[in-house]
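> Let's see this in three dimensions:
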Amino acid sequence: MMRSAILVAVMSVVTILLRFLPFIVFRKKTPKYIAYLGKVLPPAIIGMLVVFCLKDITPLAHPFGIPELIAAACVVGLQIWKRNALVSILAGTAVYMALVQLVF
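Numbers count the residues shown, from 1 in each chain. Model prediction:
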């Protein structure tokens, strides 16, 4: 029990330090390449996640990727409408799970 508590404490401290490290290192001015990475990495990561989520679709076998495409359309539509990533992702996940468990 004590070992687990120490492990959680160490992981928490490391996580907090990693979160605050950019603010400590770049106190005066953020370098241009770091600002550039902060601008382009989030869309790139989202793109990679989309590719990862849709990579196993088999368009020639049942269910032909229909649940994945409906859920992805739900995520895109909600993101355009609400501009809230958490709502979009949660709703897309719920739609996908409902389609897979109840329909297909």
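
> Helices of the protein, start to end?
2-25, 32-54, 66-82, 85-98 (DSSP state H).

> Phe104 is nearest to which of those?
helix 66-82 (5.5 Å; Cβ to Cβ). C-beta coordinates here come from the backbone N, C-alpha and C atoms, glycine included.

> Just the CA coordinates for that closest one, please, in CSV.
Presented in CSV, the C-alpha positions along helix 66-82 are these (Å, rounded to 0.1, in the frame of the first residue of the first chain):
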residue,chain,number,x,y,z
ILE,A,66,-20.9,2.3,-41.4
PRO,A,67,-20.8,2.7,-37.6
GLU,A,68,-17.4,4.4,-37.7
LEU,A,69,-18.5,6.8,-40.5
ILE,A,70,-21.7,7.7,-38.7
ALA,A,71,-19.9,8.3,-35.4
ALA,A,72,-17.2,10.4,-37.2
ALA,A,73,-19.9,12.4,-38.9
CYS,A,74,-21.6,13.0,-35.5
VAL,A,75,-18.3,14.2,-34.1
VAL,A,76,-17.6,16.6,-37.0
GLY,A,77,-21.2,17.9,-37.0
LEU,A,78,-21.2,18.5,-33.2
GLN,A,79,-17.8,20.1,-33.4
ILE,A,80,-19.0,22.5,-36.1
TRP,A,81,-22.2,23.2,-34.2
LYS,A,82,-21.1,23.4,-30.5
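
> How is the protein partitioned into domains?
Domain ranges of the chain: 1-30, 39-103, per automatic domain parsing.

> tell me the most buried of the ones you listed?
domain 39-103 (a mean of 13; mean count of other Cβ atoms under 10 Å).

> That concludes my questions; thank you for your assistance.
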